[in-house]
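In: Test case, fold it:
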Amino acid sequence: MKKTLFVILAILSISAYTFGNEREKPSSGDMKTTTVAGKVVDKASGESLAGVTIKISSCNKVVYTDLEGNFKINDVTPGTYDLEAAFISYKQNNKKVKADLGSDNTVRLELENL
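Out: Residues are numbered from 1 along each chain as shown. Down below sits the predicted model:
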C-alpha cells in the first residue's frame with residue numbers, strides 16, 4: 001500500500017511540476033517578425049545555385065538554397081541586416097537587406113566565380 005501511494009504521489013508531483021512550468025508560447029500572430037526571401041544565381045550564366053549558404057550573422061539565422069536557388073529566412077525582426085551568401089568556388093556576396101513588416105523582402109543575389 002505504501003509503495004502504491006508513493007508512486008501515485010510521485011506521478012502527481014512530476015505532472016504538477018511539468019505542467020506548472022510550461023510557458024505559454026506566443027502565437028505567430030503575436031510576434032512582430034517578417035520573412036526575408038530570395039534567389040541566388042550565377043552572375044555569368046544566370047543559372048540557379050543550389051546549396052548556397054545564406055546567413056544573417058547578427059541574429060544567428062542560417063539557411064541553404066533549394067534546388068531552384070530559392071531561400072527563405074523566417075522570424076526576422078524588422079531592421080537592416082548584412083546578408084551573406086557563400087558557396088564553394090564562388091566569391092562571397094554580402095548585401096545589406098532592409099526587413100520591414102508588411103513589405104516584400106525579396107532579394108536577388110548574384111555570385112561570381114573565383
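In: so where's the protein uncertain?
Out: Within the chain, the set of residues satisfying pLDDT under 70 comprises 1-31.
In: Try it again at 50.
Out: 5-7, 9-10, 12-28 (pLDDT under 50).
In: show me where it has helices.
Out: For the chain, helices defined by DSSP state H occupy the ranges 2-20.
In: any idea where the strands of it begin and end?
Out: 34-42, 53-56, 61-64, 70-76, 79-86, 93-99, 106-111 (DSSP state E).
In: okay if I get those strands as JSON lines plus mean neighbour count?
Out: Heads up, the C-betas are built off the backbone N, CA and C, glycines and all. Shown next, in JSON lines, are these (neighbours: other CB atoms under 10 Å):
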{"stretch": "strand 34-42", "mean neighbour count": "18"}
{"stretch": "strand 53-56", "mean neighbour count": "20"}
{"stretch": "strand 61-64", "mean neighbour count": "14"}
{"stretch": "strand 70-76", "mean neighbour count": "16"}
{"stretch": "strand 79-86", "mean neighbour count": "16"}
{"stretch": "strand 93-99", "mean neighbour count": "15"}
{"stretch": "strand 106-111", "mean neighbour count": "17"}
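In: which residue sits closest to residue 89, ignoring its sequence neighbours?
Out: Leaving aside its sequence neighbours, residue 89 sits nearest to residue 114 (CB to CB, 6 or more residues apart in numbering; 5.7 Å).
In: For residue 95, give the beta-bridge partners.
Out: Beta bridges link residue 95 to residue 83 when assigned by DSSP bridges.
In: if I look at it, how far off is residue 67?
Out: Note on residue 95: its distance to residue 67, by CB to CB, to the nearest Å, is 22 Å.
In: Likewise for residue 87?
Out: Going from residue 87 to residue 67 by CB to CB gives 14 Å.
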